[in-house]
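Student: starting from these lines, generate the structure:
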Amino acid sequence: MEASTEEERKQIGKIGHIVGHSDKGPRGDPNYPRDKLETYENWILLCPTCHDTVDALDSRYTVADLRRLKAEHERSMNCGCAILSLLRC
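Tutor: Got it, this is the predicted structure:
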């Protein structure tokens, strides 16, 4: 079955913040620079279920854990820009 143009552009992942966007949100850090919150380095692309899980269980999925997972994924793709290229659809 062929996908329509609309279907080809549908985002099925969610962009998560490694350091929380809000100081009081999951993994929030009032000392983290505000200008770094909306940067590639602070984003992780997750499926909707994993996104909701890491936010709901933020004491289990720490900033260090998410940075490690992202780095491992990027290494497995042999390209540090693998996720970034997906975000520029």
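Student: for residue 21, which non-adjacent residue is spatially closest?
Tutor: residue 37 (5.7 Å; CB to CB, 6 or more residues apart in numbering). All C-beta spots, glycine's among them, are computed from the backbone N, C-alpha and C.
Student: now for the one you found: which residues touch it?
Tutor: 17, 19, 21 (CB atoms under 8 Å, 6 or more residues apart in numbering).
Student: how about residue 13, nearest residue that isn't a chain neighbour?
Tutor: Using CB to CB, 6+ apart, the closest residue to residue 13 is residue 45 (4.7 Å).
Student: now do the SS call for that neighbour.
Tutor: strand (DSSP: H, G, I helix; E, B strand; the rest coil).
Student: thought residue 17 was touching it, still the case?
Tutor: No - if you go by CB atoms under 8 Å, residue 45 and residue 17 don't touch, sitting 11.4 Å apart.
Student: and the residue nearest to residue 13, how many neighbours?
Tutor: 18 (other CB atoms under 10 Å).
Student: give me the beta-bridge partners of it?
Tutor: residue 15 (DSSP bridges).
Student: in terms of pLDDT, where does it sit?
Tutor: What the model reports for residue 45 is a pLDDT of 93.
Student: what does the one 3 residues further on give?
Tutor: Per-residue pLDDT puts residue 48 at 93.
Student: pull the contacting residues for it.
Tutor: Residues near residue 48 by CB under 8 Å, 6+ apart: 12-14.
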